[in-house]
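> The sequence and its predicted three-dimensional model are supplied below.
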Amino acid sequence: MKNITIYSDGSSLNNHKKNNHGGYCSILRYKSIEKIIKGSAYDTTNNRMELIAVIEALKIVKEPCNIEIISDSKYVCESINSWLNTWIKKDFKNVKNLDLWKEYISLAKNHNIRATWIKGHDGHKENELCDMLARKEAENLRDSITKEIDDK
């Protein structure tokens with residue numbers, strides 16, 4: 001099996017408030033090949049963006065692989081490494097972001113996945129890049145919506 005590393009981060013401007021703007025970014029690395037995946041969403045949370053960053057990267061992987069996800073999100077890492085099996089056994093009772101976790105499970109089923117937590121904003125090259133690009137995606141969405149409103 002191929003070994004792939006996914007670096008991921010999510011951003012949400014005004015997290016947990018209505019009408020916020022979120023962005024995500026992943027760097028998918030196989031040997032010396034890298035692909036950057038990024039995007040944005042409206043009315044979201046930081047945790048959703050963190051998870052979407054992982055999901056969007058997994059969508060690109062077309063064959064079974066060993067995958068290490070490196071993230072500064074304890075939510076994503078602990079969910080993948082520790083909580084997910086219990087959630088499945090309890091039929092996801094009281095689990096937030098159920099739609100995304102079910103999509104993650106569907107995409108992850110053919111892979112061996114391990115998540116590694118790293119401290120955010122601590123100089124980790126790929127994490128810093130993902131953080132900057134995710135924030136930029138959220139800001140671009142906010143600015144485009146603001147412009148659209150101003151143009152009306």
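Noted; the coordinates are in hand. Numbering: from 1, shown residues only.

> Contact partners for D72?
With contact set as C-beta atoms under 8 Å, 6 or more residues apart in numbering, D72 has these partners: D9, W117, I118, K119, G120, H121, H124, N127, D131. C-betas here are computed from N, CA, C, even on glycine.

> Confidence-wise, which of those comes last?
Within the set of the contacts of D72, pLDDT is lowest for H121 (85).

> Let me know the helix or strand that that one is in.
Assigned by DSSP states H and E, H121 belongs to no helix or strand.

> mind listing the strands in this protein by residue range?
2-13, 21-30, 33-42, 65-71, 112-117 (DSSP state E).

> Mind putting the ones you listed into TSV with distance to E78 and mean neighbour count?
Listed next are the strands of the chain as TSV, based on distance: least, C-beta to C-beta, whole Å; neighbours: other C-beta atoms under 10 Å:
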stretch	distance to E78	mean neighbour count
strand 2-13	14	23
strand 21-30	19	25
strand 33-42	23	16
strand 65-71	10	20
strand 112-117	8	16
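
> For D99, which of the ones you listed is the nearest?
Closest approach to D99 among the strands of the chain (C-beta to C-beta): strand 33-42, 12.4 Å.

> Give me the sheet partners of that closest one and which way each runs.
strand 21-30 (antiparallel) (DSSP bridges).

> burial count for the residue nearest to N14 when sequence neighbours are not counted?
Leaving aside its chain neighbours, N14 sits nearest to N20 (4.1 Å; criterion: C-beta to C-beta, 6 or more residues apart in numbering). Using other C-beta atoms under 10 Å, the number of residues around N20 comes to 19.

> For N20, grab phi and psi.
Backbone torsions for N20, taken as degrees, to the nearest 10, come to phi -80, psi 170.

> Quick one: distance of stretch 29-38 to the chain centre.
Mean-position distance between stretch 29-38 and its chain equals 15 Å (C-alpha atoms, centre = their mean, to the nearest Å).
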